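Asker: structure for the following, please:
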Amino acid sequence: MSTATPIPETVELTGDDAWETLRDAGRGRLLKDAFQRMRYADGFSHARSMAFLTTLVLVQGTIAVVGLASVLGTNRLTHGIVNAIHVIAPGPSGRILTSAVSQARQAGVSGDKLAIAFGLVGALVSGTTAMAQLERGLNRLYGIERDRPALQKYGRAFGLTVTAGLLLAAAFLAIGFGPAIGRAFGSEGADTLWSWLRWPTAVLAMSAAVALLFRWCPRRRQPGWSWLTFGSSVSVLLWFLITLAMGQVFRLSSSFGDTYGPLAGIVALQFWAVLTAMALLFGGAVSAQLEAVRAGRPAPADPAPGASSAEFRPDRRPAMSA
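Answerer: Numbers count the residues shown, from 1 in each chain. Model prediction:
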C-alpha cells in the first residue's frame, strides 16, 4: 500500500503558477523530494513490473513491423528499423532485437503474415498491460490507493497504447529513418535542415508522449500541461542519459559479454528497460511533487510513528532557491 502523501487536485492552476512554483521550490529540493515520494510509493517495484512488459512490447512490436516490411518487399524499412534499434537500445540489448529482425526476415512470406498478426496482437496486449501498470504506479505517487474499475482502466490503457504509441513511433521514424526522410525532400537545403531538426523532433515527440501519459493515466483531474512539462522533460532527459551511458559502457567493456555469454542480450535489455521505467516514474514523481508544493502538502509522506512533526508538517514550504 502506498504511503505517499495524497495530493489535493488543483486544476484551476495556470502555467505561470507552475513556473513560479518551480522557481520558489528550487529544482534540487524538488528532485530530492520527488525521489522520496517515489520511494514511499514503492515506485521501484512498479518500475520492475513495467520493465518486463516493456521488453515484451519491444520484441513483439519489432517482429510485427519487420513482418509488415517483408510483406511489402521494403528492405529499406527493415534497414531503418535496425538503425533505429542501434540508437535506441544500447549494446547487447539492441543486438537481441536485431536478432529478432533477422529471424523474422528468414521466416518467409507466410511466416511474415503470422509475425504481423501475433506480433501486433502481442504488442497491443503487452502495451495495454504496461499502461495499466503505469496507472497504478502514478496513482500511488499521487497518494491514490485505488485504481479505476477494470473496464475503465484497461480501456483507457488501450487508448493510451495507441495514442502515445503513435508519438513514440514518430520519434522512432525521426531517429531510424532520418536520412531517408531528408533525401525524400529532393533538396539539399531541406535535407541539411532536416538533419538538424530530426533529433529535436524526436525529443519533442517523446516528451509529448510522456506528458500525455502523465495527464491521462492517474485517476484524478490533472492540472494544465505546463504542470507536467518539467516532469516529462526529466523523464526524457534521464532516458537519453541512461541509453548513452549504457551504450558507452557496452562499447568500452568486453567483460559483460564474457560474463553472461548468450544471455548478455537478455540481461542488457532487461537492465535497460528497468532503468527506463524508473526514469519514467521518476518524472511522474517530479510532476506530482511540484503540484504537492503548490497545494501546500510538500512532505512526500505522512509522519511515521515517532517522527518529528516539524519534519513532516503538511503546510511546510521548501526554502526559496537563491
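Asker: alpha carbons only for contacts and neighbour counts from here, please
Answerer: OK.
Asker: by contact count, what packs against the helix or strand where D24 lies?
Answerer: According to DSSP states H and E, D24 maps onto helix 15-25. Helices and strands touching helix 15-25, as assessed by 3 or more C-alpha pairs under 8 Å, 6 or more residues apart in numbering; DSSP states H and E, comprise helix 226-252, helix 264-294.
Asker: in JSON lines, list those along with mean neighbour count.
Answerer: JSON lines is the format used below for the helices and strands packed on helix 15-25 (neighbours: other C-alpha atoms under 10 Å):
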{"stretch": "helix 226-252", "mean neighbour count": "19"}
{"stretch": "helix 264-294", "mean neighbour count": "24"}
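Asker: can you add mean pLDDT and give those back as a markdown table?
Answerer: What follows is the helices and strands packed on helix 15-25, written out as a markdown table (pLDDT from 0 to 100):
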| stretch | mean pLDDT |
| --- | --- |
| helix 226-252 | 85 |
| helix 264-294 | 89 |
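Asker: now these in CSV, please, with extra columns for distance to A164.
Answerer: Formatted as CSV, the entries for the helices and strands packed on helix 15-25 read as follows, by distance: least, C-alpha to C-alpha, whole Å:
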stretch, distance to A164
helix 226-252, 13
helix 264-294, 13
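Asker: tell me the helices and strands packed up against the helix or strand containing P200.
Answerer: Taking DSSP H and E as the criterion, the element that holds P200 is helix 188-216. Counting by 3+ C-alpha pairs under 8 Å, 6+ apart, the packing neighbours recorded for helix 188-216 are helix 150-176, helix 178-184, helix 226-252.
Asker: got the angle between the first one and helix 188-216?
Answerer: So that's helix 150-176. Computed by axes from the mean of the first three to the mean of the last three C-alpha atoms, to 10 degrees, the angle separating helix 150-176 from helix 188-216 equals 160 degrees.
Asker: check which residues of helix 150-176 are buried.
Answerer: 153-154, 156-158, 160-161, 164-165, 167-176 (16 or more other C-alpha atoms under 10 Å).
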